[in-house]
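Participant: no sequence for this one, just the structure:
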């Protein structure tokens, strides 16, 4: 987890646990299926929802945004394990 800086604490620094993100993703699949062309995450923080979504919605394009450089680095690191090259 990135070092907590004054500006990040001001922005209500709460990280969604991966186990909770996983349960939400399973619920979305149950309610809406698993055929999404794009998954949009407007505030990805460290990428918990992105990484858990990618486990089920593998054909989807991930479109994500984050304004804090520390979180961008964490999210990229977390998502690298899902990136494959042909």
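Facilitator: Yep, it's here. Everything numeric here is computed off the predicted structure, so don't read it as measured data.
Participant: max-length helix in the chain?
Facilitator: helix 18-32 (DSSP state H).
Participant: give me the buried stretch members for that one, please.
Facilitator: Neighbour-count burial for helix 18-32 flags 21-22, 25, 28 (criterion: 16 or more other C-beta atoms under 10 Å). Bear in mind the C-beta positions are built from the backbone N, C-alpha and C, glycine included.
Participant: other SSEs contacting that helix?
Facilitator: Helix 18-32 sits against helix 48-56, with contacts defined as 3 or more C-beta pairs under 8 Å, 6 or more residues apart in numbering; DSSP states H and E.
Participant: what about the helix it packs on, distance to the chain center?
Facilitator: 6 Å (C-alpha atoms, centre = their mean, to the nearest Å).
Participant: and that helix, what does it pack onto?
Facilitator: Where contact means 3+ C-beta pairs under 8 Å, 6+ apart, helix 48-56 is packed against helix 18-32, strand 38-41, strand 61-64, helix 69-80.
Participant: tell me which residues are up against the first one.
Facilitator: For helix 18-32, the external contacting residues (C-beta atoms under 8 Å, 6 or more residues apart in numbering) are 48-49, 51-53, 55-57.
Participant: so where's this structure uncertain?
Facilitator: Within the chain, the ranges that satisfy pLDDT under 70 run 1-13, 83-86.
Participant: quick one on the thing from earlier: chain center to the longest helix of the chain: distance?
Facilitator: 12 Å.
Participant: mind checking how far residue 74 is from residue 27?
Facilitator: Applying C-beta to C-beta, to the nearest Å, the value for residue 74 to residue 27 is 25 Å.
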